[in-house]
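Trainee: okay, structure incoming, though there's no sequence with it:
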């Protein structure tokens, strides 16, 4: 059987590819900074994994990286949020 080549758009610029969540920030999206398309065989094996600041895409034996927009992780809960959290309340 003959393999068929086809263009595949795997990621769009601004697309949410993941998120992180904490009790003081809620759900914060992680988005891609660019589009990623590749011409692949129909039967190609495709997988993806989020690294620190990039989305690593593996297509068969080839690896590609797409930069990610990851919001600042350094924000910590303020004093009121910490106080309320001790009592089971959440200030958002």
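Mentor: It's in. Since this is a predicted model, take the numbers as computed values, not measurements.
Trainee: and the strands in the protein?
Mentor: Ranges of strands in the chain, per DSSP state E, are 5-11, 16-22, 26-32, 36-41, 46-50, 54-59, 62-69.
Trainee: so which of these is nearest residue 79?
Mentor: For the strands of the chain, the distance to residue 79 is smallest for strand 16-22, at 16.2 Å, taking C-beta to C-beta. All C-beta atoms are positioned from the backbone trio N, CA, C, and that covers glycine.
Trainee: and the closest one, which residues are buried?
Mentor: Using 16 or more other C-beta atoms under 10 Å as the test for burial, strand 16-22 gives residue 17.
Trainee: same thing with stretch 55-72?
Mentor: Buried residues in stretch 55-72, defined by neighbour count with 16+ other C-beta under 10 Å: 55, 57, 59, 66, 68, 70.
Trainee: now those residues in JSON lines, with pLDDT and distance to residue 76?
Mentor: Formatted as JSON lines, the buried residues of stretch 55-72 follow (pLDDT from 0 to 100; distance: C-beta to C-beta, whole Å):
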{"residue": "55", "pLDDT": "95", "distance to residue 76": "27"}
{"residue": "57", "pLDDT": "94", "distance to residue 76": "33"}
{"residue": "59", "pLDDT": "89", "distance to residue 76": "39"}
{"residue": "66", "pLDDT": "96", "distance to residue 76": "29"}
{"residue": "68", "pLDDT": "96", "distance to residue 76": "22"}
{"residue": "70", "pLDDT": "88", "distance to residue 76": "17"}
